[in-house]
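S.K.: Got a sequence here, can you build the structure:
(3 chains)
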Amino acid sequence: MGKCSLSGDPSCDLIIVFETLLAAFGSQNWWPAEGPEEMIIGALLTQNTTWKNVEKALVNLRLDQQLSFSAIAVTPLTELQERIKPSGYFRQKSERLKALAIAVVDIGGLSQLARKATPDLRAWFLVLKGIGPETADSILLYAFNRPLFVIDTYTLRVCKRHNWLLAGVGYAEAQSFFIDKLPTDSALFNEFHALLVQIGKNFCRPNRPLCKKCPLNRFQI
DNA sequence: CCCCAGGCGTCCA
DNA sequence: TGGACGCATGGG
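M.R.: Residues are numbered from 1 along each chain as shown, chains lettered A, B, ... in the order given. I've put the predicted structure just below:
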């Protein structure tokens, strides 16, 4: 329990924010996927895209027995495009997803990847086109159980709306804001991020003033 | 009609 | 190094 870095009030700790969110929304049990491969595929498809549209693409892939890297690695690009079309950017995403699948297959699967990735697992993913910091951290946290805090548009928006972070703050600084104040705990990071998405969806619409009903209002500066 | 969604790569100053 | 812009479908 660090001292309060949110507002100067020692009672106002990020852990208290977490407890408040957990009480408001309950355990989220993320990521919504059957296994690590499905999780990673979903992570790529959900970039700047609603999860509802991603689910349609995942259904298409599942029905065609294509919800695995081994299948995607050898599927024709045009077929892959048809399956993932509902999740948008299908030309870009199909190329990137197939390249990722081939890379994973080449290294011998996810368990081999976890052992052999150099210089480390995060860097291995970041080299691939279409995998940036958020997608890489999501994969590490939700597929590999590594304690990295994921920063997405919801998280950034919530932090800035409540004045925890300044408007210009980017990914790395926002990530430090959380990991520097929290115990290194992948289960905590997992649940916390999922809860921040919930608060973002429900009480933090873009280009709008602070929502009066937001459960986090007592943590403002 | 508008804006938005669980980003990222490229380009340009 | 950082801010615009394109990518694309589907929903409110």
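S.K.: quick one: contacts for the residue of chain A found nearest DNA strand B?
M.R.: Here chain A gets closest to DNA strand B at one residue, A:G132, 2.4 Å apart by C-beta to the nearest atom of the strand. For glycine as for every other residue, the C-beta is placed from the backbone atoms N, C-alpha and C. For A:G132, the residues meeting the contact criterion (C-beta atoms under 8 Å, 6 or more residues apart in numbering) are A:L126.
S.K.: any idea how far it is from A:G88?
M.R.: 17 Å (C-beta to C-beta, to the nearest Å).
S.K.: Next: A:K56.
M.R.: 10 Å.
S.K.: picking that back up, which pLDDT value goes with the residue of chain A closest to DNA strand B?
M.R.: With respect to pLDDT, A:G132 has a value of 98.
S.K.: again, but for A:V169
M.R.: 95.
S.K.: For chain A, which residues are neighbours of DNA strand B?
M.R.: Residues of chain A that fall close to DNA strand B, judged by C-beta under 7 Å from any atom of the strand: A:30-32, A:42-43, A:46-51, A:53, A:88-89, A:92, A:128-136, A:138, A:142, A:152-154, A:157, A:197, A:201, A:205-207.
S.K.: mind listing which of these are in strands?
M.R.: Judged by DSSP state E, those include no members of strands.
S.K.: What subset of those residues is buried?
M.R.: Neighbour counting with 16 or more other C-beta atoms under 10 Å marks A:30-31, A:42-43, A:46-47, A:49, A:53, A:88, A:128, A:130-131, A:133-136, A:138, A:142, A:152, A:154, A:157, A:197 as buried within these.
S.K.: What about DNA strand C: which of the residues you listed touch it?
M.R.: A:T49, A:N53, A:G88.
S.K.: out of those residues, who's nearest A:C214?
M.R.: Closest approach to A:C214 among those (C-beta to C-beta): A:T49, at 24.9 Å.
S.K.: Up against DNA strand C, what does chain A have?
M.R.: With C-beta under 7 Å from any atom of the strand as the criterion, chain A meets DNA strand C at residues A:48-50, A:52-53, A:56, A:85-86, A:88-93, A:168, A:170.
S.K.: quick one: the helices in chain A?
M.R.: A:14-25, A:36-45, A:51-63, A:69-72, A:77-84, A:90-107, A:110-116, A:121-127, A:133-142, A:153-161, A:171-179, A:186-203 (DSSP state H).
S.K.: For A:P215, which of the ones you listed is the nearest?
M.R.: Using C-beta to C-beta as the measure, helix A:14-25 is the one of those that comes nearest A:P215, at 4.6 Å.
S.K.: where does the spatially most central residue of chain A land on pLDDT?
M.R.: Nearest to the mean C-alpha position of chain A, by C-alpha atoms, centre = their mean, lies A:S138 at 3.9 Å. If you check A:S138, the pLDDT there is 98.
S.K.: There's contact between it and A:V150 in this structure, I believe.
M.R.: Yes. Under the criterion of C-beta atoms under 8 Å, A:S138 makes contact with A:V150 at 5.1 Å.
S.K.: number of nearby residues for the closest residue to A:A136 other than its chain neighbours?
M.R.: Of all residues not flanking A:A136 in the chain, A:F125 sits nearest, at 4.3 Å (C-beta to C-beta, 6 or more residues apart in numbering). Neighbour count of A:F125, defined by other C-beta atoms under 10 Å: 25.
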